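S.K.: Test case, fold it:
(one chain, ligands or ions: 1)
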Amino acid sequence: MKREIRVGLIGHKFMGKAHSHALHDVAFFFDLEAVPVMHTLCGIGPDVAATAARYGWRNWTESWEAVVANPEIDAVAVCTPGNTHRAIAAAAARAGKHVLCEKPLALNAAESGEMLAAARQSGVRHMVNFNYRRLPAVNLAKQLIEEGRLGTLYTFRATYYQDWPLDPAFPFLWRMDKSVAGAGSMADKGSHIVDLARFLVGDFAEVAATSEIFVKQRLEGGVPREVTTDDAAAFVARFHNGALGVFATSRMAAGHKNALGFEVNGSRGSVIFDLERLNELQVYFTSDPREAQGFRTVMVTQSEHKYIQSWWPPGHIIGWEHTFVHQYYEFLNAIAAGEGGSPSFEDGHRAQQVLDAIERAAAEKRWVAPGEAEA
Ligand SMILES: NC(=O)c1ccc[n+]([C@@H]2O[C@H](COP(=O)([O-])OP(=O)(O)OC[C@H]3O[C@@H](n4cnc5c(N)ncnc54)[C@H](O)[C@@H]3O)[C@@H](O)[C@H]2O)c1
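M.R.: Here you go, the predicted model:
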């Protein structure tokens, strides 16, 4: 019989659903040494019991402390707002549970550093859910970069646009409260593209940034509340390897629902990715015959592409939710192996240092080096 990993999942709404679905699918599609058991779902609200039953959880609770204290639980997934990540993830790690925490890892680098230290001290596996690393097309981009097919990297460009609160009548949510969310589009969307930049290009040397809150008050239960997180941000970066980066995030970009895109340009070629066409990668190589040069679209659904062998025949495309299945595949494999697990809390902490630097650069209107923001 295979080793069982009994999971406690904290958070039963958007990410709670995505993680529950992934836990259902991962052992069905992937051959795992350690298989998950959906032990306990935790959330707050009158619908937790019904949600737990519908998603296939054996137990439910409203107390994350009870999940962390439960000796039957081996691993904890944290799918709650950012201001709760540090307490839950650090307590879970100290209780000897492996932890997969949603992004951004924390409200700031002081918190993420504490989480990383707690996980290292306990010797548990720790991962942050930068799920876009788990796309086959993103892995093809990384492979081409590592093989030198793009040559020396010169520029990286990334945007992450949504438009869900575009209407000023859209109500106040926890994502608009800095004390709960940490920052707005800059951290929520920005954490994903900062991580992709680190994954594909390398570590950030310094950043300059600006941000804006376009709708400064929104109604909460009919009462106006001040919005304290940014609606949009723009930043530029220098990487340690000499490349330059330009980034933009917005939750007020009319028409864009979940538009993450990036481009990497090097001395020998380029790649372009668009999340709304996530099975594709556009590639350009200077080594192609001149008369046939141009961007071409690679359908990233061959069995050679990462994760694809466990899914469908070529051309039978996958979707956004598959990234969560792939993340659990990596998480459970790391637990079974007793080592590894990427992106780890260290990656979450490094991304957090960049986000802190971006926030400080915007506030002080100057270049800031990640890490300097903690001084
Ligand atoms: N990886 C991604 O693509 C992605 C996408 C969306 C959100 N997220 C991240 O996931 C996290 C959750 O976001 P969401 O959109 O699912 O939020 P949500 O508002 O939909 O759900 C939050 C959940 O947390 C629970 N919760 C809040 N405080 C709690 C507490 N003290 N104890 C127990 N449960 C508590 C709520 O009951 C709810 O179930 C955030 O960190 C967010 O940034 C990641």
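S.K.: Pretty sure residue 249 sits in a strand.
M.R.: Yes. Counting by DSSP: H, G, I helix; E, B strand; the rest coil, residue 249 is located in a strand.
S.K.: you'd agree it is up against residue 191?
M.R.: No. Counting by Cβ atoms under 8 Å, residue 249 stays clear of residue 191, with 9.4 Å between them. Backbone N, C-alpha and C define where each C-beta goes, glycine included.
S.K.: These two: which has the busier surroundings?
M.R.: With neighbours defined as other Cβ atoms under 10 Å, residue 249 and residue 191 compare such that residue 249 has more, 31 against 26.
S.K.: so what's that one bridging to?
M.R.: Residue 249 forms beta bridges with residue 160, residue 233, as assigned by DSSP bridges.
S.K.: check contacts around it.
M.R.: 159, 160, 161, 185, 186, 188, 189, 190, 193, 232, 233, 234 (Cβ atoms under 8 Å, 6 or more residues apart in numbering).
S.K.: between the residues you listed, which is nearest residue 124?
M.R.: Relative to residue 124, the closest of the contacts of residue 249 is residue 188; by Cβ to Cβ it sits at 26.3 Å.
S.K.: OK, contacts around the closest one?
M.R.: Contacts for residue 188 were tallied using Cβ under 8 Å, 6+ apart; they are 104, 175, 181, 249, 251.
S.K.: quick one on the thing from earlier: of the contacts of residue 249, list those near the ligand.
M.R.: residue 188 (Cβ under 6 Å from any ligand atom).
S.K.: for the contacts of residue 249, which one is nearest the ligand?
M.R.: residue 188 (5.6 Å; Cβ to the nearest ligand atom).
S.K.: So what's the predicted local confidence for the closest one?
M.R.: For residue 188, the model assigns a pLDDT of 95.
S.K.: Kindly list the main-chain dihedrals of it?
M.R.: phi -70, psi -60 (degrees, to the nearest 10).
S.K.: got it, and residue 228?
M.R.: Note on residue 228: its backbone torsions stand at phi -120, psi 10 [degrees, to the nearest 10].
S.K.: do you know how far it is from the ligand?
M.R.: To the ligand, residue 228 is 16 Å away according to Cβ to the nearest ligand atom, to the nearest Å.
S.K.: now swap in residue 26 and tell me
M.R.: Residue 26 is 16 Å from the ligand, by Cβ to the nearest ligand atom.
S.K.: Fine by me, we can end here.
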